[in-house]
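Engineer: model the structure of this input:
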Amino acid sequence: MFFKKKIEKKAYDKTTKKPIIKASICTGEQVAGFRGIATGAFEEIMLIKSQEDLAAFKAMYDIKEEIEKIY
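Structural biologist: Residues are numbered from 1 along each chain as shown. Reported below is the predicted structural model:
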């Protein structure tokens, strides 16, 4: 209650994967994950419900740049 949960840092291969937010046009649901640059396959990591979730995802993977959103 009084202590904030520490965010565990994780790594991803920046040469083969790109951070993406996949959003639904109908429901507005957003999922953060990584898309393979060569294959285009999407790997889901977490559901984004708010800006705090997005900030946690960026902090977890140490992402500084803006994340592309695909529909």
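Engineer: where in this protein is pLDDT low?
Structural biologist: Across the chain, the ranges flagged by pLDDT under 70 are 1-7.
Engineer: how near is the residue most central in space within it to K22?
Structural biologist: For the chain, the residue sitting closest to the mean C-alpha position, by Cα atoms, centre = their mean, is A32 at 3.2 Å. A32 is 8 Å from K22, where distance means Cβ to Cβ, to the nearest Å. Heads up, the C-betas are built off the backbone N, CA and C, glycines and all.
Engineer: with A56 instead?
Structural biologist: In this structure, A56 and K22 are separated by 17 Å, where distance is defined by Cβ to Cβ.
Engineer: from memory F42 sits against R35, does it?
Structural biologist: Yes. The pair F42 / R35 is scored as a contact, 5.1 Å apart, by Cβ atoms under 8 Å.
Engineer: list the residues that contact both of the two?
Structural biologist: For the pair F42 and R35, residues contacting each of them under the criterion Cβ atoms under 8 Å, 6 or more residues apart in numbering are I20.
Engineer: sorry, back to before: so who does the residue nearest to the centre of the chain touch?
Structural biologist: 19-22, 44-48, 53-54, 57, 67.
Engineer: one more: Y71?
Structural biologist: For Y71, the residues meeting the contact criterion (Cβ under 8 Å, 6+ apart) are 22-25.
Engineer: make a markdown table from those residues and add distance to K14, secondary structure and neighbour count to it.
Structural biologist: Compiled in a markdown table, the contacts of Y71 are given as follows (distance: Cβ to Cβ, whole Å; DSSP: H, G, I helix; E, B strand; the rest coil; neighbours: other Cβ atoms under 10 Å):
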| residue | distance to K14 | secondary structure | neighbour count |
| --- | --- | --- | --- |
| K22 | 19 | strand | 17 |
| A23 | 23 | strand | 14 |
| S24 | 27 | coil | 10 |
| I25 | 29 | coil | 7 |
